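Colleague: Sequence plus the predicted model coming up.
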Amino acid sequence: MDARVSPVHHRFMEDMGADVTSRIYPGMGHTVSADELEFMADMVGSVG
Amino acid sequence: MTRDPHGGAPVAAAGTPLADARAVVILLHGRGGSAADILALGEHLGLDGAAYLAPQAAGASWYPYSFLAPAAQNEPWLASALELVGALVEKAGAPERTVLAGFSQGACLALEFAARHARRYGAVIGLSGGLIGPPGTPRAYGGTFGGTPCFLGCSDVDPHIPFSAWRRRRRSWMHGCLPCITGSWRTWARM
C-alpha cells in the first residue's frame, strides 16, 4: 500500500519486521467495519 | 491513588478453553467500553479452536489522557495496563499462537505493548488506534516481529485520529501537522 495513504504506524511496524496490511475505510468514523472483522477472522483463523 | 490501577483486573473469557486452544486472542476494549463488548466481537468471529481473553480496565479506561499526550501524564495507568497485557500474554502461552487485538484505546495499548515486546506473535491487530505518545516520541524499542501478520484498520474521518489531515497534506502526522487537524484535542482525548 502507498505509504502516504496507510494508517499511522504502518511503516513503523513494517520496519520492526511485521507483515503489515493496512486499510482505510472512507467515511466510516470511529467504529469497526464488517471488512475489518472479516480480515481479523482470516488472520486469527490462520494462527496455530 | 494506587500505583497499579489495573492490577487484579477481571478477565472475561470466551471460546475454546485456553488449554485446548490453537489460538489465543487477547481483546482490549476502548475507552468507555467493556470486556463484554469486545468479547462479543470475538464471539462474532466464532472460530473453532480460538480462545478469547478480554480484561476490564479500571474505570473503563486504560489511561486518562489522549494517546498523543506526553506519556508521563498517563502514568501509572499506562504502565499498569501494559503490565496487565504482559501477564495475559504469559498466560496465553506460546507467543506465536497469541493474537494481540484492540479497538480505539485498546488498539493503542495492543500496538504499544507489541512494539515494546516485539517477537513473533500470531498476529497484531489495531482497529482505529496507533502507538502511544506524542509526535516525536523516541521509539528505539529493539526486537523484531519476525514476520508477524499485522492489520491496521482506520477510517479517513475519525475524529479521534489525526488521519484525514495527515492524508490530505501528504506528510506524516508525526512531523508536525497536529495543529491543523480537524477535530479538537478533546475528541482525541477519548483514545
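Modeller: Alright, I've got the coordinates.
Colleague: Tell me where chain B has strands.
Modeller: B:11-15, B:23-28, B:50-55, B:98-103, B:123-127, B:149-155 (DSSP state E).
Colleague: Can I get those in a markdown table including mean pLDDT, mean neighbour count and distance to A:E38?
Modeller: From N, CA and C alone the C-beta is placed, and that goes for glycine too. A markdown table is the format used below for the strands of chain B (pLDDT from 0 to 100; neighbours: other C-beta atoms under 10 Å in any protein chain shown; distance: least, C-beta to C-beta, whole Å):
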| stretch | mean pLDDT | mean neighbour count | distance to A:E38 |
| --- | --- | --- | --- |
| strand B:11-15 | 95 | 18 | 18 |
| strand B:23-28 | 97 | 28 | 15 |
| strand B:50-55 | 97 | 26 | 15 |
| strand B:98-103 | 97 | 28 | 14 |
| strand B:123-127 | 96 | 28 | 12 |
| strand B:149-155 | 90 | 24 | 11 |
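Colleague: With distance to chain A added, can I get those in CSV?
Modeller: What follows is the strands of chain B, written out as CSV (distance: least, C-beta to the nearest C-beta, whole Å):
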stretch, distance to chain A
strand B:11-15, 10
strand B:23-28, 4
strand B:50-55, 6
strand B:98-103, 6
strand B:123-127, 5
strand B:149-155, 4
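Colleague: Any figure for the gap between B:R97 and B:A50?
Modeller: The spacing between B:R97 and B:A50, counted by C-beta to C-beta, to the nearest Å, is 10 Å.
Colleague: Over to B:A118?
Modeller: B:A118 is 23 Å from B:A50, by C-beta to C-beta.
Colleague: For the residue in chain B positioned nearest to chain A, give me its contacts.
Modeller: Of all residues in chain B, B:R22 sits closest to chain A, at 3.1 Å by C-beta to the nearest C-beta. Contacts for B:R22 were tallied using C-beta atoms under 8 Å, 6 or more residues apart in numbering or on different chains; they are A:V47, A:G48, B:T16, B:G49, B:A50, B:R97.
Colleague: With B:G42 instead?
Modeller: B:G42 touches B:A14, B:G15, B:V25, B:L27, B:A50, B:Y52, B:A54, counting by C-beta under 8 Å, 6+ apart.
Colleague: of all the residues you listed, which two lie farthest apart?
Modeller: Maximum pairwise distance among these (C-beta to C-beta): 12.8 Å, between B:A50 and B:A54.
Colleague: and the helix of greatest length in chain B, anywhere near chain A?
Modeller: Counting residues, the longest helix in chain B under DSSP state H turns out to be helix B:77-92. No: judged by C-beta under 8 Å from any C-beta of the partner chain, helix B:77-92 stays clear of chain A, getting no closer than 11.2 Å.
Colleague: show me where pLDDT drops low in chain A?
Modeller: Applying pLDDT under 70 to chain A flags residues A:1-8.
Colleague: Right, I'll call it a day here.
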